[in-house]
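Visitor: Output the structure for:
(2 chains)
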Amino acid sequence: MGDEVFSVIKKASIFLIGAQLILHLKPNGMYEKYLKFIVHLMALTLFMMPLLKLFGQTDEKAFSQSLAGYEQMMQEDMMQINYICDLSEEKRQEIYTREIKSKLNNIYSENPTEAPAPIETVEIEVKAHEGNP
Amino acid sequence: MEMDMDSIFREYGMDGIEAQLGELFPTLQIDLETLLKQAFTGDIKGALTGVVQMTFGSVITDLASLKNTFLLLLLMGIGAALISHFIRIFDKHQVADAGFYFLYLYMAAVLMKCFFSAAHTAAEAIQNIVAFIQVFIPAYFLSVGIATGTMTAGAGYQIILLIIFLVEKILLTLLMPLINSYMLLAVLNGCLSEERLTLLESGMEKMIRFLLKASLGIVAGISTLQSLLTPAIDSAKTGLLQKGLSAIPGVGEVTDSVVDMAFGAAVIIKNGIGFVALLLLIAIALPPLCKLLLTAFVLKAAGAFMGLVSDKRMSTCADRVGNAGRLLFQTAGTSFLLFMITISVAAFTTNR
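Guide: As a prediction, the model looks like this:
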């Protein structure tokens, strides 16, 4: 434990000495207080690392947990996209229509005073515009 | 007496111990036989003179290098004051600040070099003390076992093992890096314009002092408690045996006086070995302790004298590194005291 604390303080010392050097050699003093604030914030992060490790939460662990969560979400989305892409045009249209209908039904069930409007399926054509509008 | 000394030397394994100590501490030139003779004949002054001669030769050589460090720090303080006043003729304070910063870094490098040399000395001193105890203590507790009883010897040996564990795991592995960290924080605090690390630094100092005091208190308490109980049990056992032997008609009185004489001789041997153990412990621990104390004193004195001419941050930094040196001295001193107290308590409470 003692060695870990020493290594953290060593890292923080090197960082702070370098940061102070940059602060001393800055061209003008306009942003000095903001620079100092950022430097001290970073130093605080360096000092807090062993404390976080004591509570079992390391930065590497938190990062790997978040990464695993994002990877899972990404995989689920990709599976859904692949499923939809594999279907035929009619089947896809059917799924979209069903999805829209269920959303609309949800809206009407939340506001029962409004009468449900009839749902019709129409075809629309989308053209790419060329030149100035 | 010569024959007796030879037999004691062989029976308690002192020849092997002398050879091992010679390998561990080649500079000390330990003559166990002479020391034991001086202890048995009551020549305390002669034994102490020999130990003092053994130890203070190395301290005087260390003093010369510390004098150079002191002068360098003083010169640096004066130079920093001169340069910072001279640089102020420029319009921008930035030049003066940057100049001071570089001088501060140079002084910090000198202080750190001095401190890490002292830290190395302290770690080496603790390791030497532990190595000496590991070599010498089995013979001492063998003599305690013969003079008092096996239970007292076993309990004393357990306490010594506990102290070795404490010294190696707490003092060496935990406290030494913490003291190094404290010194780094002290140096770093002067770099920052508003001394933002003061609270962290003082908190760390308090924690180190508390751990030192707690370890000393725990060990002294345990060894005192143990010495209240086990010698009494052993004394009851040997008393029972002695009373039984003295009850034998005809030879009872003679046996009683012979047993008394044998136990008296065993106590003398035990105390002689204990005395030599303490003397050698002092001889091993005293030179590094003196060096550490002198280093702390020189750093604090440099800080005090620099304060007369130089910037406050520079003198405070030297003073705080001196405090870290004092903590090193206290750590090495605590490890020395832990064994000293335990051996003294064991020697004092096992007399018949």
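
Visitor: Find the closest residue to chain B in chain A.
Guide: Chain B sits closest to A:Gly2 of chain A, with a gap of 3.3 Å, by Cβ to the nearest Cβ. C-beta: built from backbone N, CA, C; applies to glycine.

Visitor: So what's the residue count around that residue?
Guide: For A:Gly2, the neighbour count with other Cβ atoms under 10 Å in any protein chain shown is 17.

Visitor: Please apply the same query to B:Gly99.
Guide: Using other Cβ under 10 Å: B:Gly99 sits among 18 other residues.

Visitor: ok, so what distance separates the residue nearest to it when sequence neighbours are not counted from B:Ala81?
Guide: Once flanking residues are discounted, B:Gly99 sits nearest to B:Ile87: 4.9 Å by Cβ to Cβ, 6 or more residues apart in numbering or on different chains. As defined by Cβ to Cβ, to the nearest Å, B:Ile87 lies at a distance of 11 Å from B:Ala81.

Visitor: now chain B, which segments are flagged as low pLDDT?
Guide: B:1-4, B:57-58, B:88, B:90-92, B:352 (pLDDT under 70).

Visitor: Would you mind listing what in it touches chain A?
Guide: Those residues of chain B that sit near chain A, judged by Cβ under 8 Å from any Cβ of the partner chain, are B:94, B:97-98, B:101, B:105, B:173-178, B:180-181, B:184-185, B:187-188, B:191-192, B:196, B:200.

Visitor: try 10 Å
Guide: B:92-95, B:97-102, B:104-105, B:108, B:170, B:172-185, B:187-189, B:191-194, B:196-197, B:200, B:204 (Cβ under 10 Å from any Cβ of the partner chain).

Visitor: Now B:Ile218: which helix or strand?
Guide: helix B:198-246 (DSSP states H and E).

Visitor: Could I get the phi/psi values of B:Leu28?
Guide: phi -80, psi -30 (degrees, to the nearest 10).

Visitor: what separates it from B:Leu35, distance-wise?
Guide: 11 Å.

Visitor: Report the distance from the longest helix anywhere in chain A to the chain centre.
Guide: Scanning chain A for the longest helix, with DSSP state H as the assignment, gives helix A:59-86. Its chain's average C-alpha position is 12 Å from that of helix A:59-86, according to Cα atoms, centre = their mean, to the nearest Å.

Visitor: give me every residue that touches whichever residue of the stretch 101-250 of chain B sits closest to chain A.
Guide: Chain A sits closest to B:Pro177 of the stretch 101-250 of chain B, with a gap of 3.3 Å, by Cβ to the nearest Cβ. Each residue near B:Pro177 by Cβ atoms under 10 Å, 6 or more residues apart in numbering or on different chains is listed here: A:1-7, A:9-10, B:119.

Visitor: element containing it?
Guide: Assigned by DSSP H and E, B:Pro177 falls in helix B:176-191.

Visitor: That helix to helix B:198-246, inter-axis angle?
Guide: Put simply, helix B:176-191 runs at 160 degrees to helix B:198-246, going by axes from the mean of the first three to the mean of the last three Cα atoms, to 10 degrees.

Visitor: can you list the weak-confidence ranges in chain A?
Guide: A:56-59, A:114-119, A:121, A:129-133.

Visitor: which parts of it sit against chain B?
Guide: A:1-10, A:12-14, A:16-17, A:19-21, A:23-29, A:36, A:39-40, A:43-44, A:47.

Visitor: Narrow these to those that are buried.
Guide: A:2, A:5-6, A:8-9, A:12-13, A:16-17, A:19-20, A:23, A:36, A:39, A:43, A:47 (16 or more other Cβ atoms under 10 Å in any protein chain shown).

Visitor: ok, the residues you listed vs B:Thr224, which is closest?
Guide: Closest approach to B:Thr224 among those (Cβ to Cβ): A:Gly2, at 29.0 Å.

Visitor: On the three-state scheme, residue 97 is what?
Guide: In the absence of a named chain, chain A is used. When classified by DSSP: H, G, I helix; E, B strand; the rest coil, A:Thr97 comes out as helix.

Visitor: Count the residues that sit near it.
Guide: 12.

Visitor: How is chain A divided into domains?
Guide: Listed by automatic domain parsing, the domain ranges of chain A are A:1-57, A:59-111.

Visitor: picking that back up, now do the shared contacts for B:Ile87 and B:Ala81.
Guide: B:Phe100.

Visitor: Name the single longest helix found in chain B.
Guide: Every helix in chain B considered (DSSP H), the longest is helix B:252-309.

Visitor: Does anything pack onto the following helix or strand past that helix? Which helices or strands?
Guide: Tracing the chain C-terminally past helix B:252-309 and defining elements by DSSP H and E, one meets helix B:312-349 next. Here helix B:312-349 touches helix B:44-87, helix B:93-147, helix B:150-166, helix B:176-191, helix B:198-246, helix B:252-309, going by 3 or more Cβ pairs under 10 Å, 6 or more residues apart in numbering or on different chains; DSSP states H and E.

Visitor: just how off-centre is the shortest one within its chain?
Guide: Taking Cα atoms, centre = their mean, one finds helix B:176-191 lying 23 Å from the centre of the chain it belongs to.

Visitor: So what angle separates the directions of that helix and helix B:93-147?
Guide: 160 degrees.

Visitor: and helix B:176-191 with helix B:312-349, angle?
Guide: Going by the same axes, to 10 degrees, helix B:176-191 makes 160 degrees with helix B:312-349.

Visitor: buried sites along helix B:176-191?
Guide: B:176-191.

Visitor: could you pull out the helices for chain A?
Guide: A:2-24, A:32-54, A:59-86, A:89-110.

Visitor: surely B:Leu35 meets B:Val276?
Guide: Yes - between B:Leu35 and B:Val276 there is a contact under Cβ atoms under 10 Å: 4.8 Å.

Visitor: what sits in contact with each of these two?
Guide: B:14, B:47, B:51.

Visitor: Leaving out sequence neighbours, find the closest residue to B:Glu124.
Guide: B:Pro288 (6.7 Å).

Visitor: quick one: contacts for the one you found?
Guide: So B:Pro288 contacts B:55, B:58-59, B:62, B:118, B:120-126, B:128-129, B:328-329, B:332-333, B:336 (Cβ under 10 Å, 6+ apart).

Visitor: List only buried entries from those residues.
Guide: With burial judged by 16+ other Cβ under 10 Å, the buried subset of those is B:55, B:58-59, B:62, B:118, B:121-123, B:125-126, B:128-129, B:328-329, B:332-333, B:336.

Visitor: Now the stretch 1-150 of chain B against chain A: closest residue?
Guide: For the stretch 1-150 of chain B, Cβ to the nearest Cβ, closest residue to chain A: B:Ala98, 4.3 Å.

Visitor: Can you get me a residue count around that residue?
Guide: B:Ala98: 17 neighbours (other Cβ under 10 Å).

Visitor: Check B:Gly264 too.
Guide: B:Gly264, neighbours per other Cβ under 10 Å, totals 12.
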